[in-house]
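Student: I would like the atomic coordinates for the input below:
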Amino acid sequence: MLNMIKQACSVVFPLITFPYVSRVLGAESFGKVNFANSIIQYFALFAGLGISTYAVREGARVRDDKEKIEKLVNELFSINVCTATASLVVLVLLIIFWPKLHSYVPLMFIEAQIIVLTTCGSDWINSIYEDFQYITIRYIVLQSAAIVPLFLFVRTPHDYVIYALIIVLAGYGGNLFNIYYIRRYVNRKFTLNCNWKKHIKPILVLFSTAVAVKIYLNSDITMLGILSTEKQTGIYSATSRIYQMVKELINAITIVMVPRISNMLQNKEEEQYEHLSNSTLNILVSLIMPLTVGLIVLRTPILYIVCGKEYLSGSNTLMILSLALPLGVLSCFYCNAILIPNREEKFYLISTSIAAIVNIALNMAFIPLFGIAGAAITTFIAELIVLLMSRVRCRRLLNIIFKKKNLLSVLVGCIVEIVYCMLIIKVASNKYIIQTILCVVGSIPLYFAVLKVFHNESLQELMSARKK
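Tutor: Next comes the predicted model:
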């Protein structure tokens with residue numbers, strides 16, 4: 001719940017600021033910021049080297065042993081410092097030798113602080129100990145503090161550099177507090193006495209997987225920046241941002257499970273692990289389907305309210321990305337909650353690599369032909385590939401069951417939601433704000449009423465947990 005609150009805030013805060021920023025900066029300046037960020041994300045990925053995922057999985061297994069956990073933390077932190085330094089050196093060389101980036105130097109410098117702050121913070125230590133209360137409070141405080149300066153200092157399209165600085169500090173500045181906070185768990189320090197041989201192979205596999213995931217999720221914006229205009233890049237960035245916000249909100253349920261699952265596997269609590277996994281899967285399906293339907297039906301009002309008239313041409317693109325939402329959420333569950341805790345990262349790498357290769361190849365063909373809609377189609381296909389491959393593999397590791405009774409209630413609930421929203425849209429024609437408010441306020445209780453009538457087990461379990 002804490003992690004979902006954090007992710008919910010990551011949706012709420014952009015909803016407060018994004019309508020203002022997208023209108024003030026315009027699609028061109030907004031596209032510049034997102035293009036620079038997409039480049040930095042690759043270098044941040046190399047700097048991280050898959051250490052965070054590996055650290056949470058392995059750290060959760062030994063967190064009750066003070067000596068073992070400190071040894072693991074110090075070794076992984078030291079490796080992280082080395083990879084971050086190498087990443088920054090290569091980034092500087094790229095800026096020097098790629099003329100297109102010369103006009104992006106101030107932006108690239110600011111965005112590069114993501115690498116520095118992430119490395120210094122080692123936030124994965126807090127995740128190992130499931131300290132989501134600190135992570136959530138820290139995030140909310142910083143995001144709240146960033147709202148005022150954003151409205152004060154971002155006033156024209158030329159203020160896109162200031163916007164980038166505020167966003168970086170709001171998202172990653174909290175890592176500075178970690179330098180002192182994590183001392184309650186471990187005494188972290190840099191060491192040259194690292195057992196590279198033990199860690200490097202699984203780290204590199206997870207890193208390669210993260211690269212593949214980043215490519216098939218992030219290459220769309222990068223390739224649009226290269227093959228299309230900055231305005232088109234900005235429009236796609238806006239629709240993609242909405243898609244990612246909803247996806248991350250639901251994926252928070254899965255991500256928060258990893259340390260608990262790793263600890264269960266270490267203690268051979270197989271029955272509890274199977275129950276937790278199946279319950280989570282059915283809850284995910286019950287939540288993501290109505291959100292997908294809502295995004296598709298309200299795609300135009302949402303774009304108008306969040307971004308403005310300039311971005312309405314991305315309506316069909318948002319519809320395609322919305323169709324990819326269930327695929328992305330379920331593949332995240334299979335990969336992060338089942339494959340990685342069971343040390344099946346090699347298969348995860350294979351599936352994401354295939355998806356990344358297909359994504360790049362199709363982007364090169366689809367973007368010139370279909371523009372931003374083509375980029376969205378490639379994301380859908382990539383998510384589908386990962387989902388199908390990971391599900392087949394996971395069935396060998398765990399008895400995963402989609403409960404037919406739950407699926408029927410979700411299907412009926414979504415049909416009721418569609419009918420209700422279409423009636424509202426017809427009555428309140430072109431009144432986007434009214435449409436959105438009435439659809440959201442009315443469809444949520446209607447959907448959950450249907451689940452209750454059909455005795456949806458996921459809803460009953462959540463209500464039971466709430467009572468406890």
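
Student: which residues of the protein score low on pLDDT?
Tutor: 3-4, 7, 10-11, 14-15, 216-217, 465-468 (pLDDT under 70).

Student: Tell me how it divides into domains.
Tutor: 2-402, 404-468 (automatic domain parsing).

Student: Next, give phi and psi for the spatially most central residue of the chain.
Tutor: Centroid-nearest residue in the chain, with C-alpha atoms, centre = their mean: Glu248, separated by 4.1 Å. The phi/psi pair for Glu248 (degrees, to the nearest 10) reads phi -70, psi -30.

Student: what's the spacing between it and Pro326?
Tutor: Here the criterion is C-beta to C-beta, to the nearest Å. By it, Glu248 lies 15 Å from Pro326. All C-beta atoms are positioned from the backbone trio N, CA, C, and that covers glycine.

Student: Which strands or helices does the helix or strand where Ile235 lies pack on?
Tutor: Using DSSP states H and E, Ile235 falls within helix 230-255. Identification of packing neighbours for helix 230-255 by 3 or more C-beta pairs under 8 Å, 6 or more residues apart in numbering; DSSP states H and E yields helix 2-48, helix 196-227, helix 270-297, helix 299-306, helix 315-332, helix 372-394.

Student: report the angle between the axes of that helix and helix 270-297?
Tutor: Going by axes from the mean of the first three to the mean of the last three C-alpha atoms, to 10 degrees, helix 230-255 is angled at 150 degrees with respect to helix 270-297.

Student: Give me the angle between helix 230-255 and helix 2-48.
Tutor: Going by the same axes, to 10 degrees, helix 230-255 makes 120 degrees with helix 2-48.

Student: Tell me which helix or strand comes right after helix 230-255.
Tutor: That would be, after helix 230-255 and using DSSP H and E, helix 258-266.

Student: what about Lys309, how many residues close to it?
Tutor: 9 (other C-beta atoms under 10 Å).

Student: right, I mislabeled it, should have said Val148
Tutor: 10.

Student: residues making contact with the host helix or strand of it?
Tutor: Using DSSP H and E, the element containing Val148 is helix 132-153. For helix 132-153, contacts defined as C-beta atoms under 8 Å, 6 or more residues apart in numbering pick out 2-3, 5-6, 9-10, 13, 16-17, 20-21, 123, 126-127, 159, 162-163, 166-167, 169-171, 173-174, 177, 181, 256.

Student: quick revisit: so which of the helices and strands packed on helix 230-255 gets nearest Ser353?
Tutor: Closest approach to Ser353 among the helices and strands packed on helix 230-255 (C-beta to C-beta): helix 196-227, 4.6 Å.

Student: quick one: the closest residue to Ala170 other than its chain neighbours and Val412, what's the gap?
Tutor: Excluding its sequence neighbours, the residue lying closest to Ala170 (C-beta to C-beta, 6 or more residues apart in numbering) is Ala146, at 3.5 Å. Distance from Ala146 to Val412, counting by C-beta to C-beta: 42 Å.

Student: cool, Leu362 as well?
Tutor: Separation of Leu362 from Val412 (C-beta to C-beta): 35 Å.

Student: and what of Lys404?
Tutor: 13 Å.

Student: So those two - more neighbours on which side?
Tutor: For Lys404 and Val412, the more surrounded residue by other C-beta under 10 Å is Val412, and the numbers stand at 15 against 8.

Student: doesn't Asn456 make contact with the more buried one?
Tutor: No: applying C-beta atoms under 8 Å, one finds Val412 not in contact with Asn456, separated by 10.0 Å.

Student: mind listing what's buried in stretch 405-422?
Tutor: The neighbour-count check on stretch 405-422 (16 or more other C-beta atoms under 10 Å) flags 406, 409-410, 413-414, 416-418, 420-421 as buried.

Student: got these as CSV, with distance to Ala376 and secondary structure columns?
Tutor: Output for these, formatted as CSV (distance: C-beta to C-beta, whole Å; DSSP: H, G, I helix; E, B strand; the rest coil):
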residue, distance to Ala376, secondary structure
Asn406, 29, helix
Ser409, 30, helix
Val410, 24, helix
Gly413, 26, helix
Cys414, 21, helix
Val416, 27, helix
Glu417, 23, helix
Ile418, 21, helix
Tyr420, 27, helix
Cys421, 22, helix
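
Student: now, which of those sits nearest Lys201?
Tutor: Nearest to Lys201 out of those is Asn406 (C-beta to C-beta; 39.6 Å).

Student: hang on, the closest one packs against Ile283?
Tutor: No: checked against C-beta under 8 Å, the pair Asn406 and Ile283 is beyond contact range at 9.2 Å.

Student: Residues in contact with both of the two, list them for me.
Tutor: By C-beta under 8 Å, 6+ apart, the residues touching both Asn406 and Ile283 are Ser458.

Student: Just give the number of residues close to Phe402.
Tutor: So Phe402, with other C-beta under 10 Å, has 10 neighbours.

Student: Let me see the contact set for it.
Tutor: Going by C-beta under 8 Å, 6+ apart, the list of residues near Phe402 reads 281-282, 285.

Student: which one of those residues is nearest Val213?
Tutor: Leu281 (20.1 Å).

Student: From Tyr348, how far out is the closest one?
Tutor: Distance of Leu281 to Tyr348, computed by C-beta to C-beta: 17 Å.

Student: More neighbours: which of these two?
Tutor: Neighbours around Leu281 and Tyr348, counted as other C-beta under 10 Å, are more numerous at Tyr348. The numbers are 28 against 25.

Student: quick one: contacts for that one?
Tutor: Listed by C-beta under 8 Å, 6+ apart, the contact set of Tyr348 reads 209, 335, 339-340, 390.

Student: State the helix or strand in which it lies.
Tutor: If you go by DSSP H and E, Tyr348 is part of helix 345-370.

Student: Quick check: the gap between the nearest residue to Thr379 once chain neighbours are set aside and Cys332.
Tutor: Using C-beta to C-beta, 6+ apart and skipping residues adjacent in sequence, the residue nearest Thr379 is Ala324, 5.5 Å away. Per C-beta to C-beta, Ala324 is found 12 Å from Cys332.

Student: what do you get for Phe207?
Tutor: With distances taken as C-beta to C-beta, Phe207 is found 18 Å from Cys332.

Student: Show me what counts as buried in stretch 426-440.
Tutor: So stretch 426-440, judged by 16+ other C-beta under 10 Å, has buried residues 428, 432, 435-436, 438-439.

Student: Neighbours of His158, how many?
Tutor: Residues lying near His158 (other C-beta under 10 Å) number 10.

Student: do Ile16 as well
Tutor: Count around Ile16 with other C-beta under 10 Å applied: 14.

Student: before we move on, what SS does Pro341 have?
Tutor: Classification of Pro341 by DSSP: H, G, I helix; E, B strand; the rest coil places it in coil.
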